[in-house]
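>>> pasting the sequence and the predicted model now:
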Amino acid sequence: MAYVVGLNSGSSLDSVDAVLLDMEMDNQGLPQLNRVVAYREYAWPDSVHADVLQAINLNLGIAALCRLSFVVGATFGKFVNALLQESGVDASEVEVIGVDGQTIYQEPPESSKWTGQEFDDPIASFQDGRLGATLQIGEGAVVSALTGIRTVTHFRPADMALGGTGAPIEEFLDYVHYRHQAPLITLNIGGIANIHAIHAEREKTMAFDTGPGNILMDRLARDYFGVPYDRDGAIAHSGAVHEPMLHTLLQHPFLKRKPPRSAWREDFSDAYLANILEHYRDVPKEDMMATLAEFTVVAIVRALHQVPFLSQVKYLVGNGGGVLNGALTGRLAELLPEHMQFVLSDHFGIPAKANEAAKFGALGYANLMGVAANIPHASGARGPALLGKLHWPPV
């Protein structure tokens with residue numbers, strides 16, 4: 001048995017999720033999650049939150065961004081120490097911390113422009129965008145120094161260096177945790193929504209972003225209703241779907257991309273939403289929320305139909321903060337194929353809101369154990385890779 005800590009902060013920046021896991025290696029040489037020992041949500045310090053948002057909006061200079069990476073690392077370290085203290089676990093008992101960092105920028109590969117010669121001249125391929133790029137902040141050396149625990153960070157670059165999308169990157173835990181129940185699909189609704197289609201044969205497993213999760217609804221809640229998010233989907237429930245607005249939303253070019261695909265804030269940016277809302281400015285605000293919720297759900301359902309083995313899938317397993325929005329999950333249950341049932345990941349032993357943090361903990365443990373944790377068929381990478389950068393505590 002090994003204690004493992006996982007941390008996650010997504011594009012919505014609503015909190016830093018921290019989880020303490022009990023893990024071990026199974027008899028097939030794969031990490032196995034035995035149980036979730038503890039889970040906490042920690043609010044970003046206001047000043048740090050403001051700076052991270054500035055960075056994501058590309059409004060921070062390189063010097064400030066460099067400093068912020070160390071500040072974010074210190075924030076992560078503080079939260080790990082708090083989790084361990086609250087759980088009564090000493091740092092010496094923890095094998096590894098897995099934390100991707102806070103994603104600031106993500107540019108998926110332009111695979112539609114691939115010629116098959118991308119790695120003949122990789123400099124040009126990274127320069128012109130045929131191969132993707134990503135940037136996470138949160139200096140792992142700081143996390144390790146403040147906690148005294150080995151820390152693995154920045155999992156996406158190793159996959160992207162091989163031509164992969166680098167996002168979603170969390171399908172490894174879903175594969176090892178659910179492969180005995182496969183075929184099965186997991187759905188994460190964070191700022192961006194994504195699915196992981198798990199097959200018992202690893203090379204058939206898929207993972208890709210479906211489109212917006214909470215990101216558009218959260219912005220509308222903040223700017224039009226003065227609340228951070230639509231709690232329980234109450235605002236959406238009070239409105240009605242505006243069909244012309246929904247039709248416009250469903251023309252978004254992201255939905256036309258074939259898997260594997262990944263989205264980032266720029267796909268569903270403030271400017272994009274402002275343009276939509278201006279065009280439909282006479283639509284009641286509650287109807288706008290209902291329409292954004294419907295957009296999220298329809299995009300998810302369309303994505304499900306891109307899974308070749310969908311007819312064999314019994315469960316859609318939900319996780320992430322968005323599954324607490326009844327307007328989303330209720331409508332999703334209505335639109336699912338009749339043979340599928342929507343359940344929360346709690347049903348399989350992982351609390352829904354702890355799931356993403358647990359996935360990064362599992363990736364950190366896989367790195368420590370020397371296990372390649374990307375799934376090339378899911379990401380489009382040309383081969384397996386050991387994900388993450390290992391930082392050792394002071395000696």
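It's in. Numbers count the residues shown, from 1 in each chain.

>>> which helix runs longest in the chain?
helix 62-87 (DSSP state H).

>>> can you name every helix or strand that the host helix or strand of Arg219 contacts?
Element membership for Arg219 (DSSP states H and E) is helix 215-225. Applying 3 or more CB pairs under 8 Å, 6 or more residues apart in numbering; DSSP states H and E, we find helix 215-225 packed against helix 234-238, helix 270-279, helix 285-304. Bear in mind the C-beta positions are built from the backbone N, C-alpha and C, glycine included.

>>> at 7 Å what do you get?
Counting contacts by 3 or more CB pairs under 7 Å, 6 or more residues apart in numbering; DSSP states H and E, helix 215-225 is packed against helix 270-279, helix 285-304.

>>> need the contact partners of the longest one.
Meaning helix 285-304. Under the contact criterion CB atoms under 7 Å, 6 or more residues apart in numbering, helix 285-304 has outside partners 185, 187, 193, 195, 208, 210-213, 216-217, 220, 224, 230, 233, 235-236, 238-242, 245-246, 249-250, 255, 277, 310, 327-328, 331-332, 335.

>>> strands - which of the residues you listed land there?
Of those, the ones assigned to strands by DSSP state E are 185, 187, 193, 195, 208, 210-212.

>>> including neighbour count and distance to Asn27, could these go into TSV?
TSV is the format used below for the ones in strands among the contacts of helix 285-304 (neighbours: other CB atoms under 10 Å; distance: CB to CB, whole Å):
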residue	neighbour count	distance to Asn27
Ile185	26	26
Leu187	24	30
Ala193	25	34
Ile195	25	29
Phe208	25	31
Thr210	28	35
Gly211	26	39
Pro212	30	41
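
>>> wait, which of these is closest to Gly132?
Of all the ones in strands among the contacts of helix 285-304, Phe208 has the smallest distance to Gly132: 13.7 Å, by CB to CB.

>>> tell me the confidence at the closest one?
Reported pLDDT at Phe208 in the predicted model: 96.

>>> chain neighbours aside, what residue packs nearest to it?
Pro259 (4.0 Å; CB to CB, 6 or more residues apart in numbering).

>>> which residues does the one you found contact?
By CB under 7 Å, 6+ apart, the contact set of Pro259 is 206, 208, 306.

>>> my guess is Ala378 contacts Pro260. True?
Yes: counting by CB atoms under 7 Å, Ala378 sits close enough to Pro260 to count as a contact (6.2 Å).

>>> nearest residue to Asp230 other than its sequence neighbours?
Nearest to Asp230 is Ala221, by CB to CB, 6+ apart, at 5.0 Å.

>>> oh, that last question was meant for Glu118, not what I typed.
Closest to Glu118 by CB to CB, 6+ apart is Ser125, at 4.2 Å.

>>> what's the host helix or strand of the one you found in contact with?
According to DSSP H and E, Ser125 maps onto helix 122-127. By CB under 7 Å, 6+ apart, the residues outside helix 122-127 that reach it are 118, 131, 133.

>>> list the buried residues in it.
125-126 (16 or more other CB atoms under 10 Å).

>>> what mean pLDDT does that helix have?
Here the average pLDDT along helix 122-127 is 97.

>>> and stretch 219-229, by the same measure?
On average, stretch 219-229 scores 95.

>>> using CSV, write down the CA coordinates of it.
Coordinates of each C-alpha in stretch 219-229 appear next as CSV, following Å, rounded to 0.1, in the frame of the first residue of the first chain:
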residue,chain,number,x,y,z
ARG,A,219,-19.4,33.3,-17.0
LEU,A,220,-23.1,34.1,-17.6
ALA,A,221,-23.8,33.4,-13.9
ARG,A,222,-21.0,35.7,-12.9
ASP,A,223,-21.7,38.6,-15.3
TYR,A,224,-25.5,38.5,-15.5
PHE,A,225,-26.6,37.1,-12.2
GLY,A,226,-23.8,38.1,-9.8
VAL,A,227,-23.1,34.6,-8.6
PRO,A,228,-20.1,32.3,-9.3
TYR,A,229,-22.1,29.5,-10.9
